[in-house]
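**Student:** sequence-free structure coming up:
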């Protein structure tokens, strides 16, 4: 497992972004943007994992991390 600097709050952010909740996660996305140095490698690792194992997304229609991850990276 990769160790990240400043991870304390980012794990919580990522957990909240993983699943569709019917409410757009403005606060979590803003927090991720405010911590771009910490969140960027985490998001890239998540997207790499999904690329290697697409069933993560295909088996769970409520999984949203890949979409929010790409969205956040595009904003950075």
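**Tutor:** That came through, no problem. As the structure is a prediction and not an experimental result, all values here were calculated from the model. Numbers count the residues shown, from 1 in each chain.

**Student:** please pull out the lowest mean pLDDT helix or strand from the protein.
**Tutor:** helix 10-17 (a mean of 91; mean pLDDT, DSSP states H and E).

**Student:** give me the residues contacting that one.
**Tutor:** 4, 25, 28-29, 31-32, 35, 38-39, 42, 46, 64-65, 68-69 (CB atoms under 8 Å, 6 or more residues apart in numbering). In short, each C-beta sits where N, CA and C put it, glycine included.

**Student:** remind me which residues of this structure are low pLDDT?
**Tutor:** 1-8 (pLDDT under 70).

**Student:** got the contact list for residue 75?
**Tutor:** Taking CB under 8 Å, 6+ apart as the criterion, residue 75 is in contact with 29, 33.

**Student:** that one and residue 68: what is the separation?
**Tutor:** Residue 75 sits 11 Å away from residue 68, taking CB to CB, to the nearest Å as the criterion.

**Student:** before we move on, back to that, distance between the least confident helix or strand of the chain and the chain's centre?
**Tutor:** Between the centre of helix 10-17 and the centre of its chain there are 7 Å (CA atoms, centre = their mean, to the nearest Å).

**Student:** C-terminal to that helix, what's the next element?
**Tutor:** helix 26-34 (DSSP states H and E).

**Student:** neighbours of residue 18, just the number please.
**Tutor:** By other CB atoms under 10 Å, 18 other residues sit near residue 18.

**Student:** OK, contacts around the closest residue in space to it that isn't next to it in sequence?
**Tutor:** Excluding the flanking residues, the one nearest residue 18 by CB to CB, 6 or more residues apart in numbering is residue 65, at 4.6 Å. By CB under 8 Å, 6+ apart, the contact set of residue 65 is 14, 17, 18, 46, 50.

**Student:** ramachandran coordinates for residue 65?
**Tutor:** When quoted as degrees, to the nearest 10, the phi and psi of residue 65 stand at phi -60, psi -40.

**Student:** report the angle between the least confident helix or strand of the chain and helix 26-34.
**Tutor:** 140 degrees (axes from the mean of the first three to the mean of the last three CA atoms, to 10 degrees).
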